[in-house]
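*Asks:* next one to model:
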Amino acid sequence: MMLVAIWCAPLQAAYIPISITGYNQDMIVESVALTGASLAGTATTASMDVGASNSQKSWYEIGYNTNTGQTTTGLPSGGVTVASEAGVDHSFRLADDYTAANAVLLDSSHTTASLTLSNPLAYSSLSVLTSSGHGPGTIGYTIHYADGTTSTGTFNSNDWFNSSTTAITAHGRVDVQTGAFDSEGTSNPRLYQADLAVANPQKNITSVDLAYITGQASTHTAVMALSGVPSKTIFSSGDSIAAYNSSGTPSSPTAEQVSNAIDGDINTKYLNSNKTDPGLTVTNDYQMSVVKSLILTSANDAPQRDPASYVIQGSNDLSGAWTNISSGAVPTFTGRHVSMSIDIANTDLYSHYRVYFPSVANDATANSMQIAEVNLAASQILRDVTGPGTIVTVYNSSGTPDPKEPTEGIAKAIDNDPTTKYLNFNKVGAGLTFELSQAFTVQGVGIRTANDSPERDPASFTLQGSNDGVNFTDIVTDMAIDPISTRFYNRNYAFDNDTAYLYYRLFFPTVANDATANSMQVGEIQLFAVIPTPAALPAGLLMLGLAAMRRRSH
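*Replies:* Okay, the predicted model is just below:
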């Protein structure tokens with residue numbers, strides 16, 4: 001019987017900025033706004049002191065205050081990712097545009113709001129960037145998951161002066177009507193990080209509703225940003241990883257090897273002195289995933305070596321078949337050990353990933369590329385639930401099964417060895433039936449070509465499910481398999497299925513060349529399933545199993 005890993009928390013609980021919509025007020029004076037009395041409320045729609053009445057004191061952007069010695073005061077520029085002063089495990093990104101709505105205002109007159117995630121993903125914990133004028137304020141939250149369920153909680157938004165868990169200190173504020181500065185060069189006002197518990201860390205989050213609960217009559221709470229710890233990350237320490245360059249040989253110091261990029265420790269780094277598309281390749285034969293976000297953490301020093309652009313590629317085989325998933329610029333890191341996320345538009349499942357960086361921040365002065373951590377977050381991760389311990393029986397949709405036992409029998413299809421194969425001389429709907437260790441919702445199939453005779457390759461497949469081993473329901477019928485002459489080539493296929501079954505029947509109605517093939521043969525077969533997270537299990541609990549599964553060799 002095969003035991004399965006239910007869920008494992010990320011090695012490093014880093015809170016990564018999340019792209020959101022839903023800001024309802026402009027509470028930050030932008031750096032190019034009018035100054036002095038000319039400001040006259042033209043740059044904001046609300047303030048921290050009096051809310052939507054839009055007078056008295058609020059925030060300003062760095063660069064707005066040009067007084068001597070004060071040019072570096074204010075909030076970070078719009079769209080910039082910064083590490084929290086309370087700890088580098090939290091990074092936040094404020095609104096991109098300070099001339100538009102850039103905050104959520106919650107008070108006795110504005111009692112509800114909603115933050116919608118631009119890229120719904122699963123998170124084990126969330127954190128908001130917040131503070132309150134005349135605070136503190138108590139805010140309720142409702143997390144909405146993609147499956148329609150919700151979970152709730154509350155958090156405190158501390159007064160914007162002299163409270164703890166400070167994420168960003170502005171060192172000054174401004175009267176939004178008169179333009180007069182206040183508290184210049186002091187340790188106030190402040191924005192704080194407030195963590196939100198997530199009840200279902202394996203469910204994709206679509207939005208977070210906020211509700212004003214309690215505070216003084218004069219309390220005005222601002223929420224400026226949302227971050228979270230992705231729970232469906234693809235890379236983890238111990239994965240099969242290799243340094244990559246598109247040309248030449250990777251070159252790294254002994255203490256700064258490529259494995260450091262996925263070790264969950266921001267204090268180590270991967271350095272490659274070959275700057276020709278330096279990067280990494282991570283192979284993962286036991287899962288399929290839909291990548292939706294690139295996560296990067298800057299290294300300890302030498303910002304000129306930071307990546308300035310990226311390319312992500314995916315593959316379901318390591319024979320050189322790489323597909324471009326996404327490419328683009330890497331925003332400038334604002335400091336060392338700062339974590340950022342880059343959203344990716346992608347709907348395709350892959351098992352293997354390559355990430356490389358065509359350019360660095362300053363090519364003229366950098367002698368290498370370096371990065372502390374690299375990861376990919378997925379909207380969906382399916383894991384292989386088959387292996388040598390799985391009970392399988394031979395099947396044909398018509399006639400008597402005729403497997404070549406024992407050398408090329410049914411067990412060879414799941415022996416984790418692609419150099420062996422399952423061959424059935426009755427090629428009419430040849431296949432096999434799986435009895436799994438428990439009911440799983442299978443949403444993907446992996447099929448690897450055998451060692452020879454491409455005419456025997458399956459050309460289509462049908463998958464059926466059952467919970468009694470007798471009555472089977474069609475899940476996929478006659479799905480075409482891409483023809484290819486390459487041997488030992490793995491192809492993964494995804495499909496819709498919302499039902500968990502204990503038994504699965506997979507068979508192949510056609511072969512590549514029925515006229516010349518004397519049989520059907522396949523090298524390896526995998527069933528990829530959604531791995532459930534029982535509500536009774538605490539987040540981060542690792543069940544025995546998948547970690548102990550031997551990875552399929554190449």
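
*Asks:* pull out the buried residues from stretch 91-101.
*Replies:* In terms of neighbour count (16 or more other CB atoms under 10 Å), stretch 91-101 has its buried residues at 91-95, 98, 101. (Each C-beta comes from the backbone N, C-alpha and C, glycine too.)

*Asks:* turn these into JSON lines, columns for secondary structure, distance to D265 and pLDDT.
*Replies:* What follows is those, written out as JSON lines (DSSP: H, G, I helix; E, B strand; the rest coil; distance: CB to CB, whole Å; pLDDT from 0 to 100):
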{"residue": "S91", "secondary structure": "strand", "distance to D265": "16", "pLDDT": "96"}
{"residue": "F92", "secondary structure": "strand", "distance to D265": "22", "pLDDT": "97"}
{"residue": "R93", "secondary structure": "strand", "distance to D265": "23", "pLDDT": "97"}
{"residue": "L94", "secondary structure": "coil", "distance to D265": "28", "pLDDT": "98"}
{"residue": "A95", "secondary structure": "coil", "distance to D265": "31", "pLDDT": "98"}
{"residue": "Y98", "secondary structure": "coil", "distance to D265": "35", "pLDDT": "99"}
{"residue": "A101", "secondary structure": "coil", "distance to D265": "38", "pLDDT": "99"}
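
*Asks:* over to G328. Which of the three states is it?
*Replies:* strand (DSSP: H, G, I helix; E, B strand; the rest coil).

*Asks:* wait, it sits on S309?
*Replies:* Yes: the pair G328 / S309 is scored as a contact, 6.8 Å apart, by CB atoms under 8 Å.

*Asks:* the strand or helix carrying F461: how far from the chain's middle?
*Replies:* According to DSSP states H and E, F461 maps onto strand 460-466. From the chain centre to the centre of strand 460-466 is a distance of 30 Å (CA atoms, centre = their mean, to the nearest Å).

*Asks:* for it, packing partners?
*Replies:* Under the contact criterion of 3 or more CB pairs under 8 Å, 6 or more residues apart in numbering; DSSP states H and E, strand 460-466 touches strand 430-448, strand 473-480, strand 501-508.

*Asks:* if we use 6 Å, what do you get?
*Replies:* Applying 3 or more CB pairs under 6 Å, 6 or more residues apart in numbering; DSSP states H and E, we find strand 460-466 packed against strand 473-480, strand 501-508.

*Asks:* what about the closest residue to S341 other than its chain neighbours, distance to T268?
*Replies:* Spatial nearest neighbour of S341, excluding adjacent residues (CB to CB, 6 or more residues apart in numbering): I16 at 4.5 Å. Noted for I16: a distance of 19 Å to T268, by CB to CB, to the nearest Å.

*Asks:* give me the pLDDT for A539.
*Replies:* In this prediction, A539 carries a pLDDT score of 39.

*Asks:* and if you look at L544?
*Replies:* 32.

*Asks:* which of the helices and strands packed on strand 460-466 sits most buried?
*Replies:* Most buried of the helices and strands packed on strand 460-466, by mean neighbour count (mean count of other CB atoms under 10 Å): strand 501-508, with a mean of 22.

*Asks:* give me the helices and strands touching it, please.
*Replies:* Partner elements for strand 501-508 (3+ CB pairs under 6 Å, 6+ apart): strand 430-448, strand 460-466.

*Asks:* contacting residues around the residue nearest to A83 when sequence neighbours are not counted?
*Replies:* Distances taken as CB to CB, 6+ apart place V338 nearest to A83, at 4.7 Å, with adjacent residues excluded. Residues near V338 by CB atoms under 6 Å, 6 or more residues apart in numbering: 83, 91, 298.

*Asks:* not counting residues beside it along the chain, what's closest to the last one?
*Replies:* With CB to CB, 6+ apart as the measure, F333 is the residue that lies nearest to S298, at 4.1 Å, once sequence neighbours are left out.

*Asks:* parallel or antiparallel, list what pairs with the helix or strand of the chain with the lowest mean pLDDT.
*Replies:* Taking mean pLDDT, DSSP states H and E as the measure, the chain has strand 490-494 as its least confident helix or strand, at a mean of 84. The pairing partners recorded for strand 490-494 under DSSP bridges are strand 430-448 (antiparallel).

*Asks:* can you give me the buried ones in the strand it pairs with?
*Replies:* Within strand 430-448, judged by 16+ other CB under 10 Å, the buried ones are 430-434, 436-437, 440-448.

*Asks:* tabulate the helices and strands packed on strand 501-508 (TSV), appending distance to D175.
*Replies:* What follows is these, written out as TSV (distance: least, CB to CB, whole Å):
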stretch	distance to D175
strand 430-448	57
strand 460-466	66
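
*Asks:* what's the closest of those to N272?
*Replies:* strand 430-448 (31.4 Å; CB to CB).

*Asks:* contacts made by the closest one with the rest, please.
*Replies:* By CB under 6 Å, 6+ apart, the list of residues contacting strand 430-448 reads 1-2, 288, 382, 385, 390-396, 410, 418, 424, 490-494, 497, 500-508, 520, 523-524, 526-530.

*Asks:* how about the least confident helix or strand of the chain as PDB, C-alpha atoms only?
*Replies:* Extracted in PDB, the C-alpha atoms of strand 490-494 (Å, rounded to 0.1, in the frame of the first residue of the first chain):
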ATOM      1  CA  ASN A 490       7.100  11.100 -21.600                       C
ATOM      2  CA  ARG A 491       3.900  13.000 -22.400                       C
ATOM      3  CA  ASN A 492       1.500  14.300 -19.800                       C
ATOM      4  CA  TYR A 493      -2.200  15.000 -20.400                       C
ATOM      5  CA  ALA A 494      -4.600  16.900 -18.200                       C
END
